[in-house]
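S.K.: could you work out the structure for the sequence below:
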Amino acid sequence: MKQDFLPRKMENYGNGIKSELEFKSEEPTRVLPAQETEKGVYFLCNLDQNIAVIMKTIYLYKSDKGNENAAKVIKESLSKVLVHYYPLAGRLALSSDKKLIVDCTGEGPFFVEADVNCSMLELLGLASVDPMVLNNLIYEVPDAKNIFETPILTIKVTKFQCGAFAVGMAMNHCMADGKSAAEFVNSWGETARELPLTIPPYLDRTILKARDPPRVEFPQKEFLDIKDISNTGDLYLEEIAYGAFAFDPEKIGRMKNKALESGSLDKCSTFEVLSALVWRSRCKALKMQPDQMTKLLFAADGRSRFDPVLPKGFFGNGMVLTVALCKAGDLLENPLSFAVELVQNAVKLVTDSYMRSAIDYIEINRTRPSMNGTLLITAWSKLSFHTTDFGWGETIYTGPVGVPGKEVAVFLPHGADRSSINVHLGMPASAMKVFEDEIKDI
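M.R.: Below you'll find the model as predicted:
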């Protein structure tokens, strides 16, 4: 079987010995659903249409069982769980009205087995210096030119010399938000352990169809295109620096106390105060003019906010973008509580009416939110990816692969009890220094 070799230097790692990092990958194969599945067109709603980008995640495992049978168990259980999640065995296509749909062909996702000549800890050590090394744990189809040539789902199982292994998953975001993706991998793990699915998927997305006729009842400011009067675009011509900033429970507690000291708020959540702090600090770091409008976007889970609520196990994108908007000067001149209140108001925006209005807005305008002057926050804090168990116990580590886009900050849980948060983001190098100083002051 043909193998490809991906060498990468590992210098002065471990015992100070220089070595060559080498991945050996077998040829990709298709994993068909274990039984005949439904064929034909599968509807994707408007909340799916705007996020046809690939989500890459890794799941790292180590136990006394070793890794000899890992690829076999994971491949066979993937075939079985695809019977329940059959749209993931299809491919993206365009409908007659130029919308994304899934052609349920049953052809199955690509699956790749690989080995690497290092331990899991060695690779993580290297990744702490060069995060892109983790891309080697993901299978991407070479020369795919667009989303229609890119599979909906690919899986790669990589075995380490220490007996650990990684499951790398690349899934198109139009198929699932974080909650649905986590339910999928947990169902896959249950299948591997020969257990019934705790949460069978609910696949019908037509419950989120646009209304006929569509009715836009809110300003939908998440789509607002902001003029860059601060010329921050010029800053991004610099080298981009990437950083991860740790917030433990003690530091988070100090932030909350700071937000509450003005007396204008009764309470605030970790997400609210951390989002407010990162938003303010980033505006200052990017030297935004006082009159520069700036926008904060984040996804709120609409499952329980729709009326009626979405069915348990709803598989798709049930998250809706909400928005906080103000001038950079107001954000920076007011206390932290001001920004926190803006975040809280953005959370309160998310009602059934607001979400239906957003769906209808997309139906009419066929557009996506503008990212000018914008920070988009993605939070993994409440997602249960870490509980995925294929028979080797829960993950040693799980998280996204790659570095955040220039408008994105990612909140990842950290620590044994997941009570700390690591904030990952990228900025022009000069701005990153200012951002670091702002964060240290808390």
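S.K.: doesn't residue 413 belong to a strand?
M.R.: Yes: residue state for residue 413 (DSSP: H, G, I helix; E, B strand; the rest coil) corresponds to a strand.
S.K.: that one and residue 386: what is the separation?
M.R.: In this view, residue 413 and residue 386 are 8 Å apart by Cβ to Cβ, to the nearest Å. The C-beta positions use only the backbone N, C-alpha and C, and glycine is treated the same way.
S.K.: ok, now residue 58?
M.R.: Separation of residue 58 from residue 386 (Cβ to Cβ) stands at 12 Å.
S.K.: contacting residues for the closest residue to residue 286 other than its chain neighbours?
M.R.: Closest residue to residue 286 apart from its sequence neighbours, by Cβ to Cβ, 6 or more residues apart in numbering: residue 232 at 4.9 Å. Residues in contact with residue 232 (Cβ atoms under 8 Å, 6 or more residues apart in numbering) are 286-288, 373.
S.K.: what's the farthest-apart pair in these?
M.R.: In those, two members sit farther apart than any others by Cβ to Cβ. They are 287 and 373, at 12.8 Å.
S.K.: which one's more surrounded, the two?
M.R.: Regarding residue 287 and residue 373, a neighbour count based on other Cβ atoms under 10 Å identifies residue 373 as having more, with 23 against 16.
S.K.: just to check, the more buried one is in contact with residue 293?
M.R.: Yes: contact criterion Cβ atoms under 8 Å: residue 373 and residue 293 qualify, at 5.9 Å.
S.K.: so what sits against both of these two?
M.R.: Shared contacts of residue 373 and residue 293, defined by Cβ under 8 Å, 6+ apart, are found at 226-227.
S.K.: contacts for the helix or strand where residue 190 lies, please.
M.R.: Per DSSP states H and E, residue 190 falls inside helix 178-192. Residues outside helix 178-192 that contact it (Cβ under 8 Å, 6+ apart): 55, 57, 59, 73-74, 76-78, 80-81, 84-85, 88, 169, 171, 176, 196-201, 301, 303, 313-319, 380, 383-385, 387-391.
S.K.: list the ones among those that fall in helices.
M.R.: If you go by DSSP state H, the contacts of helix 178-192 have 73-74, 76-78, 80-81 in helices.
S.K.: make TSV from those and add pLDDT to it.
M.R.: Formatted as TSV, the ones in helices among the contacts of helix 178-192 follow (pLDDT from 0 to 100):
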residue	pLDDT
73	98
74	98
76	98
77	98
78	98
80	98
81	98
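S.K.: out of those residues, who's nearest residue 47?
M.R.: residue 81 (23.6 Å).
S.K.: now that closest one: how far from residue 201?
M.R.: Counting by Cβ to Cβ, the separation of residue 81 from residue 201 is 10 Å.
S.K.: go on, residue 271?
M.R.: If you measure residue 271 against residue 201 using Cβ to Cβ, the figure is 27 Å.
S.K.: repeat for residue 158
M.R.: 27 Å.
S.K.: so for the two, which sits in the more crowded spot?
M.R.: Each of residue 158 and residue 201 has its neighbours counted (other Cβ under 10 Å); residue 158 has more, 28 against 23.
S.K.: quickly find the element holding that one.
M.R.: Assessed by DSSP H and E, residue 158 sits inside strand 153-159.
S.K.: and the least confident of the contacts of residue 232?
M.R.: Among the contacts of residue 232, residue 373 has the lowest pLDDT, at 93.
S.K.: who's in contact with that one?
M.R.: Residue 373 neighbours (Cβ under 8 Å, 6+ apart): 226-228, 232, 288, 292-295.
S.K.: then residue 247?
M.R.: Shown in contact with residue 247 (Cβ under 8 Å, 6+ apart): 255, 274, 420-423.
S.K.: now it: phi and psi?
M.R.: Backbone torsions of residue 247, given as degrees, to the nearest 10, read phi -130, psi 100.
S.K.: same check, this time on the one 10 residues further on
M.R.: Dihedral angles of residue 257 (phi, psi; degrees, to the nearest 10) stand at phi -60, psi -40.
S.K.: just give me the neighbour total for it.
M.R.: So residue 257, with other Cβ under 10 Å, has 10 neighbours.
S.K.: do the same with residue 402
M.R.: Residue 402: 14 neighbours (other Cβ under 10 Å).
S.K.: what pLDDT does it get?
M.R.: On the pLDDT scale, residue 402 is placed at 84.
S.K.: so who does it touch?
M.R.: Taking Cβ under 8 Å, 6+ apart as the criterion, residue 402 is in contact with 56, 131-132, 134-135.
S.K.: check residue 265 too.
M.R.: With the criterion set at Cβ under 8 Å, 6+ apart, residue 265 makes contact with 259, 337, 340-341, 344.
S.K.: separation between residue 109 and residue 285?
M.R.: Counting by Cβ to Cβ, the gap from residue 109 to residue 285 is 40 Å.
S.K.: then residue 316?
M.R.: In terms of Cβ to Cβ, residue 316 sits 36 Å off from residue 285.
S.K.: if you count what's nearby, which of these two comes out ahead?
M.R.: Shown here are residue 316 and residue 285; by other Cβ under 10 Å, residue 316 has more neighbours (25 against 22).
S.K.: not counting sequence-adjacent ones, nearest residue to that one?
M.R.: Using Cβ to Cβ, 6+ apart, the nearest residue to residue 316 is residue 205, at 4.9 Å.
S.K.: next one: residue 277
M.R.: residue 255 is the one closest to residue 277 (Cβ to Cβ, 6+ apart), at 6.1 Å.
S.K.: counting neighbours, what do you get for the one you found?
M.R.: Neighbours of residue 255 (other Cβ under 10 Å): 21.
S.K.: so it is in which element?
M.R.: Element membership for residue 255 (DSSP H and E) is helix 249-260.
S.K.: contacts for that helix next, please.
M.R.: For helix 249-260, contacts defined as Cβ under 8 Å, 6+ apart pick out 247, 265-268, 270, 273-274, 276-277, 335-337, 340, 419-421, 442.
S.K.: next step: the residues you listed restricted to helices.
M.R.: 270, 273-274, 276-277, 336-337, 340.
S.K.: so for the residue lying closest to residue 266 once chain neighbours are set aside, what's the pLDDT?
M.R.: Nearest non-adjacent residue to residue 266, counting by Cβ to Cβ, 6+ apart: residue 260, 7.9 Å away. For residue 260, the pLDDT comes out at 95.
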